[in-house]
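Engineer: structure, please.
(one chain, ligands or ions: 1)
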Amino acid sequence: MSKIIQINNLSYTYPEAQQPALDDVSLQVEAGDWVAVIGHNGSGKSTLAKNMLGLLEPSAGQIQIAGMTLSEQTVWDIRAQVGIVFQNPDNQFVGATVADDVAFGLENRAVPRDEMIQRVADALKTVKMSEFANREPAHLSGGQKQRVAIAGVVAQRPQVLILDEATSMLDPAGRRDVVNLIHELKDQMNLTVLSITHDLQEAARADDVIVLDNGHVVQTGSPAQIFASGSQLAKYGLDVPYAERLKEGLRAHGLDMPSDYLSEEGLVDYLWTLSSTM
Ligand SMILES: Nc1ncnc2c1ncn2[C@@H]1O[C@H](COP(=O)(O)OP(=O)(O)OP(=O)(O)O)[C@@H](O)[C@H]1O
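Structural biologist: Residues are numbered from 1 along each chain as shown. Okay, here's the model as predicted:
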């Protein structure tokens, strides 16, 4: 499979900062994958996203997205291929109504009016928000606001979706709901997802997980590989998912535990199969 995101030796130092926020970061993402980027506060996750969108200019290194090398000349073509949903939906609303808001990015790209109306309607349908088209965004719930933000991205039909803590302000049910929606969209639209997240349940469903610490990529692997390295995660200031800790405890009591990652529900199912053979 081809690499839709290829980052080589990227470094970035904020003006007047003593230390680089990103230091020699290299990573790659296969087209169609969901990659979670995890790391404690200040590890460089948002700085990475801003460099990828050309909002910050790398101090060194190279970023390639969708076959283009990021530069002043390509930044707008790259942004047309990369949608981003931020943490706080209130900071990303610009339209007076939900439909206006979804249309905003298309207006900026001078999409013809008839096509724009169709794309907005399709995008709202995709995120199941059609009936809210004429509402004011301010009156929606947090989860609904993120759905509208996602519709804005969907309407632009990008190849890559970056989530910058997109679910962190939602309650657990809202979070699950939005993550499920994005999984559906990823399949429908053949999207590649790069998700900066603190939500380990979400990271556990990714194809790959990248751990950032202090501006460096310190681990890359499948969720099972990453979450099995419990003490390493703690070293990087990250939690080990509850199901992994429980598995570890049960293993210490002599129970045979599978090495692949299990969600809490998956672990409960597994434990039932054990109890029925005892
Ligand atoms: N505008 C800025 N000026 C100077 N330093 C900054 C600026 N923004 C971030 N930093 C520093 O760069 C480093 C990386 O920050 P960044 O926001 O990318 O981390 P993060 O992993 O996204 O953190 P969080 O999880 O808290 O959002 C931190 O040391 C931070 O203090």
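
Engineer: in this structure, which ranges drop under the pLDDT threshold?
Structural biologist: Scanning the chain with the threshold set as pLDDT under 70 gives 1, 277-278.

Engineer: okay, strands next: where are they in it?
Structural biologist: For the chain, applying DSSP state E gives strands covering 3-12, 22-30, 34-38, 60-65, 68-69, 82-85, 160-164, 192-196, 208-213, 216-221.

Engineer: ok, the last one: who's next to it in the sheet?
Structural biologist: For strand 216-221, sheet partners with direction are given as strand 208-213 (antiparallel), following DSSP bridges.

Engineer: redo the strands of the chain as JSON lines? Include mean neighbour count and distance to the ligand.
Structural biologist: (Each C-beta comes from the backbone N, C-alpha and C, glycine too.) Output for these, formatted as JSON lines (neighbours: other Cβ atoms under 10 Å; distance: least, Cβ to the nearest ligand atom, whole Å):
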{"stretch": "strand 3-12", "mean neighbour count": "19", "distance to the ligand": "8"}
{"stretch": "strand 22-30", "mean neighbour count": "19", "distance to the ligand": "8"}
{"stretch": "strand 34-38", "mean neighbour count": "24", "distance to the ligand": "9"}
{"stretch": "strand 60-65", "mean neighbour count": "18", "distance to the ligand": "15"}
{"stretch": "strand 68-69", "mean neighbour count": "14", "distance to the ligand": "22"}
{"stretch": "strand 82-85", "mean neighbour count": "23", "distance to the ligand": "13"}
{"stretch": "strand 160-164", "mean neighbour count": "23", "distance to the ligand": "8"}
{"stretch": "strand 192-196", "mean neighbour count": "25", "distance to the ligand": "7"}
{"stretch": "strand 208-213", "mean neighbour count": "23", "distance to the ligand": "6"}
{"stretch": "strand 216-221", "mean neighbour count": "17", "distance to the ligand": "11"}
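
Engineer: longest single helix anywhere in this protein?
Structural biologist: Scanning the chain for the longest helix, with DSSP state H as the assignment, gives helix 172-189.

Engineer: alright, that wraps it up for me.
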